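Asker: sequence below, structure please.
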Amino acid sequence: MLRNKVMKEIRQAKANFFINIIGESKGNSKLIWENLKKLTGKDHSNTAKRLEIMVNNNLTQDAVEIAIAFNSYFIDSVRVLTQNPSTCFLGSVLVNDTQPVFIIREVSESKVNKVISSLKNSKAKDVLDSTFLKNYKESLIGPITKVTNTSIGLGVFPRVWKSAIITAIFKSGDPANVSNYRPISILPVVSKVVEKCVAEQLIAHLNNSPFTLHSMQFGFRAKHSTETANCFLLENVKSKMDKGGAVGAVFLDLRKAFDTVNHEILITKLSKFNFSPDALRWMKSYLEGRTQCVRVSNELSPTRSYDVGVPQGSMLGPLLFSLYINDLPSVCTGSEVQMYADDTVIYVHAKSKQQAAQELTTVMVQVTKWLSDSCLHLNVKKTVCMFFTKRATDATEPDVCVSGEKLQVVSDFKYLGIILDSNLSFKKHVKKVIQITKFNLANFRFIRNCLTTKVA
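Answerer: Alright, predicted model coming up:
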């Protein structure tokens with residue numbers, strides 16, 4: 001009897017725990033699945049793995065050596081790409097002398113309070129993570145607001161906020177090769193509060209003035225998202241397919257896109273969006289003098305500086321990159337362009353695949369020149385071409401060439417979360433969604449006895 005009573009209490013306690021966890025995630029599907037992974041024991045994000053990396057032709061497990069190797073690779077691989085910067089754009093961007101001018105204005109304590117509350121719960125560079133800020137915001141709002149307004153008034157971004165800790169995340173391939181890892185940047189969380197305040201002001205300026213983002217840029221614009229980007233592309237391609245012929249598309253892949261942004265070119269381009277001199281000074285301070293180190297286990301590499309790129313893991317970085325590439329469509333004569341931050345697709349409609357390929361090859365000559373002038377680098381091996389057509393008999397795949405190299409022609413491609421195929425059947429996308437759904441639903445069996453029908 002006692003055993004049954006204890007087991008009943010345990011089951012009820014588990015049920016209440018699971019219900020509370022899932023209830024707290026209500027309305028946030030991403031958070032729900034993250035919590036389910038933890039509850040079912042499927043979350044391996046904190047599983048410690050002993051790294052073994054090739055350093056100077058020798059395999060090592062020494063955390064300090066590995067951290068130094070990662071930091072050297074992440075910084076030096078970018079410097080190789082940016083060692084001969086172009087200045088072609090510096091004289092071609094005209095500064096506007098009309099209204100409205102973008103001025104970074106001081107913020108109120110209520111605004112800082114709202115921004116802190118909106119921060120995602122994530123890791124931070126120091127003990128002041130977003131959870132800490134939220135728990136003690138009543139005491140911290142005043143000082144943070146004062147520092148923020150001092151930064152804006154002086155046009156100086158604090159140096160302590162420019163230092164990042166990098167975590168190396170494995171992509172694919174040989175795990176002993178440092179080039180098969182990508183950097184995840186962890187910045188001081190207070191810097192994100194300031195950045196978000198500035199980013200919101202900048203987005204408002206872009207959405208309510210003539211100095212706006214290109215109409216085919218679907219990031220950082222009111223009522224635009226990855227969903228609207230996909231809907232627009234699909235409807236546009238479908239309508240062209242209905243007219244006959246073929247639609248040829250090139251999906252660009254840029255090598256270290258955010259990391260290779262030239263600061264001088266960026267500041268000049270920001271002038272085109274009518275940034276005030278004070279706003280430009282703050283932005284220049286925000287970009288320059290940044291440093292990073294790499295953490296492996298509990299060891300840190302020595303800090304190194306870098307002088308190019310927009311900060312990864314930042315609030316302003318993706319927005320500044322979008323402004324940087326905003327004039328790309330101006331060189332894509334005879335084609336259509338669609339952008340979402342650094343995800344760019346260029347496409348044409350022609351009578352046949354062969355004609356579409358010829359037109360894309362011509363357009364890509366101008367695109368590669370624009371990229372070179374902007375200190376950006378096309379990854380030809382990962383840039384792919386795809387032809388959309390209703391003609392089942394047209395099985396030949398013509399070549400699209402870029403700088404003398406043939407682009408890979410694919411029959412399907414994942415764009416902004418949707419797997420597109422050449423005849424827009426969505427069979428592969430539906431199959432993938434079913435696989436993921438089956439896998440996730442199967443995880444419920446581990447906790448189904450602890451869930452009510454309503455919660456499940």
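Asker: what's in contact with stretch 402-409?
Answerer: 250, 361, 364, 368, 378, 380-381, 383-387, 397, 399-401 (CB atoms under 8 Å, 6 or more residues apart in numbering). Using the backbone N, CA and C atoms, a C-beta is placed for each residue, glycine as well.
Asker: among those, name the ones in strands.
Answerer: Using DSSP state E, 250, 384, 385, 386, 387, 401 are the members of the contacts of stretch 402-409 that sit in strands.
Asker: reformat the residues you listed as JSON lines; add distance to residue 6, neighbour count and pLDDT.
Answerer: Shown next, in JSON lines, are the ones in strands among the contacts of stretch 402-409 (distance: CB to CB, whole Å; neighbours: other CB atoms under 10 Å; pLDDT from 0 to 100):
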{"residue": "250", "distance to residue 6": "65", "neighbour count": "25", "pLDDT": "97"}
{"residue": "384", "distance to residue 6": "60", "neighbour count": "18", "pLDDT": "96"}
{"residue": "385", "distance to residue 6": "65", "neighbour count": "27", "pLDDT": "97"}
{"residue": "386", "distance to residue 6": "61", "neighbour count": "25", "pLDDT": "96"}
{"residue": "387", "distance to residue 6": "66", "neighbour count": "27", "pLDDT": "95"}
{"residue": "401", "distance to residue 6": "73", "neighbour count": "16", "pLDDT": "93"}
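Asker: how deep is the residue nearest to residue 129 when sequence neighbours are not counted tucked in, by neighbour count?
Answerer: Nearest residue to residue 129, sequence neighbours excluded (CB to CB, 6 or more residues apart in numbering): residue 189, at 5.6 Å. When neighbours are counted by other CB atoms under 10 Å, residue 189 registers 22.
Asker: over to the one 5 residues further on?
Answerer: With neighbours defined by other CB under 10 Å, the count for residue 194 comes to 26.
Asker: where does it land in three-state SS?
Answerer: Following DSSP: H, G, I helix; E, B strand; the rest coil, residue 194 is assigned to helix.
Asker: quickly note the distance from it to residue 182.
Answerer: 26 Å (CB to CB, to the nearest Å).
Asker: repeat for residue 360
Answerer: From residue 360 to residue 182 the distance is 29 Å (CB to CB).
Asker: more neighbours: which of these two?
Answerer: residue 360 (27 against 14).
Asker: just checking, that one touches residue 385?
Answerer: Yes. The pair residue 360 and residue 385 passes the contact test of CB atoms under 8 Å, sitting 6.8 Å apart.
Asker: name the residues contacting each of the two.
Answerer: 248, 250, 400.
Asker: and of those, the nearest to residue 326?
Answerer: Lowest distance from residue 326 to the shared contacts of residue 360 and residue 385 (CB to CB) belongs to residue 250, with 19.0 Å.
Asker: measure the closest one to residue 409 for me?
Answerer: Taken as CB to CB, the span from residue 250 to residue 409 is 10 Å.
Asker: what touches both of these two?
Answerer: Jointly contacting residue 250 and residue 409 under the rule CB under 8 Å, 6+ apart are 384, 385, 400.
Asker: Three-state assignment for residue 292, please.
Answerer: Residue 292 ends up strand, using three-state DSSP.
Asker: over to residue 184?
Answerer: strand.
Asker: which helix or strand contains the nearest residue to it once chain neighbours are set aside?
Answerer: Distances taken as CB to CB, 6+ apart put residue 167 closest to residue 184, at 4.6 Å, once the chain neighbours are dropped. Using DSSP states H and E, residue 167 maps to strand 163-170.
Asker: give me the buried positions along that strand.
Answerer: 163, 164, 165, 166, 167, 168 (16 or more other CB atoms under 10 Å).
Asker: stretch 400-413 too?
Answerer: Here stretch 400-413 shows 400, 401, 402, 407, 409, 412, 413 as buried, counting by 16+ other CB under 10 Å.
Asker: these: which two are farthest apart?
Answerer: Spanning the widest gap among these are 401 and 412, at 21.8 Å by CB to CB.
Asker: CSV for the shared contacts of residue 250 and residue 409, including distance to residue 315?
Answerer: As requested, the shared contacts of residue 250 and residue 409 are arranged in CSV below (distance: CB to CB, whole Å):
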residue, distance to residue 315
384, 31
385, 34
400, 36
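Asker: closest to residue 241 out of those?
Answerer: For the shared contacts of residue 250 and residue 409, the nearest to residue 241 is residue 385 (16.4 Å; CB to CB).
Asker: surely the closest one meets residue 410?
Answerer: Yes. With contact defined as CB under 8 Å, residue 385 reaches residue 410; the gap is 7.3 Å.
Asker: okay, now the unreliable bits of this structure?
Answerer: Across the chain, the ranges flagged by pLDDT under 70 are 21-33, 35-49, 84-98, 122-127, 392-395, 444, 446-456.
Asker: okay, which residue is most central for it?
Answerer: residue 318 (6.6 Å; CA atoms, centre = their mean).
Asker: surely that one meets residue 341?
Answerer: Yes. The pair residue 318 / residue 341 is scored as a contact, 4.9 Å apart, by CB under 8 Å.
Asker: got any residues that touch both of the two?
Answerer: In contact with both residue 318 and residue 341: residue 219, using CB under 8 Å, 6+ apart.
Asker: neighbouring contacts of stretch 362-375?
Answerer: 82, 85-86, 88-89, 250, 252, 254, 260-262, 265, 308, 324-325, 328, 331-335, 346, 348, 377-378, 400-403.
Asker: buried ones in it, by neighbour count?
Answerer: For stretch 362-375, by 16+ other CB under 10 Å, it's 363, 364, 366, 367, 368, 370, 371, 373, 374, 375.
Asker: quick one on the thing from earlier: look up how far residue 294 lies from the residue nearest to residue 184.
Answerer: 8 Å.
Asker: between these two, which contacts overlap?
Answerer: When contacts are counted by CB under 8 Å, 6+ apart, residue 167 and residue 294 are jointly contacted by residue 183.
Asker: mind exporting the C-alpha coordinates of the top helix by length along the chain to PDB?
Answerer: Assignment by DSSP state H gives helix 2-24 as the longest helix of the chain. This file holds the C-alpha atoms of helix 2-24, laid out as PDB (Å, rounded to 0.1, in the frame of the first residue of the first chain):
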ATOM      1  CA  LEU A   2       2.800   2.400   1.000                       C
ATOM      2  CA  ARG A   3       4.700   1.600  -2.200                       C
ATOM      3  CA  ASN A   4       1.600   2.300  -4.400                       C
ATOM      4  CA  LYS A   5       1.000   5.600  -2.600                       C
ATOM      5  CA  VAL A   6       4.700   6.600  -3.100                       C
ATOM      6  CA  MET A   7       4.600   5.700  -6.800                       C
ATOM      7  CA  LYS A   8       1.400   7.600  -7.300                       C
ATOM      8  CA  GLU A   9       2.900  10.700  -5.700                       C
ATOM      9  CA  ILE A  10       6.000  10.400  -7.900                       C
ATOM     10  CA  ARG A  11       3.900  10.100 -11.100                       C
ATOM     11  CA  GLN A  12       1.800  13.100 -10.000                       C
ATOM     12  CA  ALA A  13       5.000  15.100  -9.200                       C
ATOM     13  CA  LYS A  14       6.400  14.300 -12.700                       C
ATOM     14  CA  ALA A  15       3.200  15.200 -14.400                       C
ATOM     15  CA  ASN A  16       3.000  18.600 -12.600                       C
ATOM     16  CA  PHE A  17       6.700  19.200 -13.500                       C
ATOM     17  CA  PHE A  18       6.200  18.400 -17.200                       C
ATOM     18  CA  ILE A  19       2.900  20.400 -17.300                       C
ATOM     19  CA  ASN A  20       4.700  23.500 -15.800                       C
ATOM     20  CA  ILE A  21       7.700  23.200 -18.200                       C
ATOM     21  CA  ILE A  22       5.500  22.900 -21.300                       C
ATOM     22  CA  GLY A  23       3.100  25.600 -20.000                       C
ATOM     23  CA  GLU A  24       5.900  28.100 -19.700                       C
END
